[in-house]
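In: I need the structure of the sequence given here:
(2 chains)
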Amino acid sequence: MPEPAISLQRKAYLRRRKQTKSIITVLRIGILVVLFAGWEIAARLGIIDAFIVSSPSRMWNTFINLYQSGDLWLHVSTSVMETVIGFLLGTLTGTAIAILLWLSDFLSRVLDPYLVVLNALPKTALGPIFIVWIGAGPSSIIAMTLAISLIVTILDMHNGFLDTDPEKIRLMRTLGATRKQILIKLVLPANFTTMINALKVNVGLSWVGVIMGEFLVSKAGLGYLIVYGSQVFKMDLVMTTVMILAIAAALMYQCILWLEKVMKKHMGVTV
Amino acid sequence: MIVQLDNVDLTYQAPDGEVDALRGINFEISDGEFVSIVGPSGCGKSSLLSVIAGIEPASAGSVYVDGDAVTAPSPKIGYMPQKDQLFPWRTIWANVTLGLELQHQNTAERQEHVRELLARYGLSEFVQKIPSQLSGGMRQRCALIRTLATDPKILLLDEPFSALDYQTRLSVSADIYAIIRQEHKTALLVTHDISESISLSDRIIVLCKRPGAVKAIHNLKDLTEISPMQRRDHPAFRTYFNTIWKELGVNA
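Out: Below you'll find the model as predicted:
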């Protein structure tokens, strides 16, 4: 079969598009390379103090040491574990409470001022309380994570539920739908995007909670490594850990994007 | 009589006072009739449909559908909303059987009926598609089939064409009209479009502004034998239009 003829303008347009795309990719990688190369060179030439700001080669050595001693896996898995539990718990509990508030407008009006105050409160202030109540350990850190992500999830999900098209609810009611049917067959699927957005926000918030929690009390985890490194003035360790943290957080966010794609495919539609 | 309204009042309670939405509404619709309700915006047209559909209790008076007093939504009533309101996450099949699913009537026999309707109106090949893959007119047909699936005695059409552009609106309303006639259904259409009501109905009920009350009822006996498109060219069309226009007092 002969290829359909492409006009010259179309060719030029496609070429320009491809060019722009490759320039963006090159620049993205270039910025990283220039930044790290400059950092390394400045450290080697003594322009900056590598003891204070570390350098890519020192960070790499630290990373290899961590890996060989087996500590790397322990700290990464501890933090990742706490984060995953935190954001799953935050999203699920938040959604469940949002459902209760949607089911009872009365309850939502009663609880409204509490939610507003709790939302405004800096949740890190609760950290020491959790440690006293729950004890030093992963449970306190997860509680911290939950405190940070829960209220936002409740508010966002509840708003999403309330935004469900009233005409669709009217249609459901004329078809004789019960409140439970309206919830399961209309409100929840209509808020699929709200839920995915809550997950995305909660991944970030859970990392905040975990690192904060680990700063306060921990024996392992990336937050622990950062605090420990700064206390013994091993800035190489601190900088390396921050890098690992950046990569772990980015990977986890990618997982959510992937989950979103899979779920959309499973539901058969893009909502 | 399929539908009978007996002195229906509807009053809303709001913090700053009472709102009289409907007062003393009386009318009847017989089997197979196509009746329109026209009125200025805010005359309580949609509220009236809510009362007949059983999702809003009347403050006074009673509504009977097929002999039974309406107190809650019932399968005897089929409601067709503004826009098609098909759920984007469901396939066409899952959308048109929504009512059956909600009423736990999703039996093989009922499904066969839905399949027949889809085949009769040229939608069979689209059952596994999602709503966004269909044209506006086809989506409107699906919405009608979703309403017909539960085999209601009366169809309540709540300005179902108002979201469509003018061209589509003419063809879709003629299309929906033809299906309703072919299925021998009784229909009550709410609209603010005078031309639409004259081109589709056997009778037109004119409501006046708040509180909504019946101002006039027109029997379109000289138009009922011809199609919606032909009616627009009939000499009587203009006469009805002018009469109803004056009754609505739109320029007042």
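
In: Can you give me the neighbour number for the residue of the stretch 101-250 of chain A found nearest chain B?
Out: Residue of the stretch 101-250 of chain A nearest chain B, by C-beta to the nearest C-beta: A:Thr174 (3.6 Å). Bear in mind the C-beta positions are built from the backbone N, C-alpha and C, glycine included. Residues near A:Thr174, counting by other C-beta atoms under 10 Å in any protein chain shown, number 26.

In: Just list the residues touching the closest residue in space to it that isn't next to it in sequence, thanks.
Out: Leaving out its chain neighbours, the residue that sits closest to A:Thr174 by C-beta to C-beta, 6 or more residues apart in numbering or on different chains is B:Tyr79, at 3.6 Å. By C-beta atoms under 8 Å, 6 or more residues apart in numbering or on different chains, the contact list for B:Tyr79 reads A:170-171, A:174-175, B:49, B:53, B:147, B:155-156, B:158.

In: Do I have it right that B:Ser36 meets B:Asp193?
Out: No: using C-beta atoms under 8 Å, B:Ser36 is not in contact with B:Asp193; the gap is 9.3 Å.

In: quick one: which of the two has more around it?
Out: Higher neighbour count among B:Ser36 and B:Asp193: B:Ser36, with 26 against 17, using other C-beta under 10 Å.

In: How far away from the center of its chain is the one helix or strand that one maps to?
Out: If you go by DSSP states H and E, B:Ser36 is part of strand B:34-38. Distance of strand B:34-38 from the chain centroid (C-alpha atoms, centre = their mean, to the nearest Å) equals 8 Å.

In: And the next helix or strand past that strand?
Out: helix B:45-53.

In: and that next one with strand B:34-38, angle?
Out: With axes from the mean of the first three to the mean of the last three C-alpha atoms, to 10 degrees defining the directions, helix B:45-53 sits at 140 degrees from strand B:34-38.

In: ok, residues contacting helix B:45-53?
Out: Applying C-beta under 8 Å, 6+ apart, the external contacts of helix B:45-53 come out as A:170, A:173-174, B:3, B:5, B:8, B:10, B:21-22, B:25, B:37-39, B:56-58, B:63, B:65, B:70, B:73, B:77, B:79, B:154, B:156, B:158-159, B:188, B:190-192, B:207, B:212.

In: go with 6 Å
Out: Outside helix B:45-53, the residues within contact range by C-beta atoms under 6 Å, 6 or more residues apart in numbering or on different chains are A:174, B:10, B:21, B:37, B:39, B:56, B:58, B:63, B:77, B:79, B:156, B:158, B:190.

In: Please apply the same query to stretch B:92-105.
Out: Outside stretch B:92-105, the residues that touch it by C-beta under 6 Å, 6+ apart are A:175-177, A:181, B:75, B:86-87, B:106, B:110, B:114, B:126-127, B:129, B:142, B:145-146, B:149-150.

In: Among the residues you listed, which lie within helices?
Out: A:181, B:110, B:114, B:142, B:145-146 (DSSP state H).

In: picking that back up, got the phi/psi numbers for the residue nearest to A:Thr174?
Out: The phi and psi values for B:Tyr79, taken as degrees, to the nearest 10, are phi -110, psi 130.

In: For B:Leu248, see how far away it is.
Out: 25 Å (C-beta to C-beta, to the nearest Å).

In: Alpha carbons of stretch B:57-70, in PDB - could you do that?
Out: Provided in PDB are the C-alpha atoms of stretch B:57-70 (Å, rounded to 0.1, in the frame of the first residue of the first chain):
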ATOM      1  CA  PRO B  57     -43.600  15.700  48.000                       C
ATOM      2  CA  ALA B  58     -46.400  18.100  47.200                       C
ATOM      3  CA  SER B  59     -47.200  20.600  50.000                       C
ATOM      4  CA  ALA B  60     -50.900  20.000  49.300                       C
ATOM      5  CA  GLY B  61     -53.100  18.200  46.800                       C
ATOM      6  CA  SER B  62     -52.300  14.800  45.200                       C
ATOM      7  CA  VAL B  63     -50.800  13.300  42.100                       C
ATOM      8  CA  TYR B  64     -52.000  10.000  40.700                       C
ATOM      9  CA  VAL B  65     -50.000   8.000  38.100                       C
ATOM     10  CA  ASP B  66     -51.800   5.000  36.600                       C
ATOM     11  CA  GLY B  67     -54.300   5.100  39.500                       C
ATOM     12  CA  ASP B  68     -51.800   5.100  42.400                       C
ATOM     13  CA  ALA B  69     -51.000   8.200  44.500                       C
ATOM     14  CA  VAL B  70     -47.400   9.200  44.000                       C
END
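
In: Buried ones in it, by neighbour count?
Out: Across stretch B:57-70, burial judged by 16 or more other C-beta atoms under 10 Å in any protein chain shown covers B:58-59, B:61, B:63-66, B:70.

In: what sits up against it?
Out: Contacts for stretch B:57-70 (C-beta under 6 Å, 6+ apart): B:2-11, B:51-52, B:54, B:76, B:153.

In: let's see it at 8 Å
Out: Contacts to stretch B:57-70, defined as C-beta under 8 Å, 6+ apart, come from residues B:1-11, B:22, B:24-25, B:51-54, B:71, B:74, B:76-77, B:153-154.

In: Give me the distance from stretch B:44-52 to the chain's centre.
Out: Chain-centre distance of stretch B:44-52: 11 Å, with C-alpha atoms, centre = their mean.

In: er, stretch A:63-71 I mean
Out: That offset, for stretch A:63-71, works out to 26 Å (C-alpha atoms, centre = their mean).

In: got it, and stretch A:210-222?
Out: On C-alpha atoms, centre = their mean, the centre of stretch A:210-222 falls 17 Å from that of its chain.

In: Tell me the buried residues in the lengthiest helix in chain B?
Out: In chain B, taking DSSP H as the definition, the longest helix is helix B:166-182. For helix B:166-182, the neighbour count (16+ other C-beta under 10 Å) marks B:169-170, B:172-173, B:175-177, B:179-180 as buried.

In: what sits against the most centrally placed residue in chain A?
Out: The centre of chain A sits closest to A:Val203, judged by C-alpha atoms, centre = their mean, with a distance of 2.2 Å. Residues near A:Val203 by C-beta under 8 Å, 6+ apart: A:83, A:87, A:249, A:252-253, A:256.

In: That one: what secondary structure?
Out: helix (DSSP: H, G, I helix; E, B strand; the rest coil).

In: Would you mind measuring from it to B:Thr147?
Out: Separation of A:Val203 from B:Thr147 (C-beta to C-beta) stands at 43 Å.

In: now A:Val242
Out: Per C-beta to C-beta, A:Val242 is found 60 Å from B:Thr147.

In: the more surrounded of the two?
Out: Shown here are A:Val242 and B:Thr147; by other C-beta under 10 Å, B:Thr147 has more neighbours (26 against 17).

In: My guess is that one contacts B:Pro81. True?
Out: No: using C-beta under 8 Å, B:Thr147 makes no contact with B:Pro81, being 9.2 Å away.

In: A:Ala143: which element?
Out: Assessed by DSSP H and E, A:Ala143 sits inside helix A:138-162.

In: Determine the set of other helices and strands touching that helix.
Out: Judged by 3 or more C-beta pairs under 8 Å, 6 or more residues apart in numbering or on different chains; DSSP states H and E, the packing partners of helix A:138-162 are helix A:71-103, helix A:105-120, helix A:127-134, helix A:192-216.
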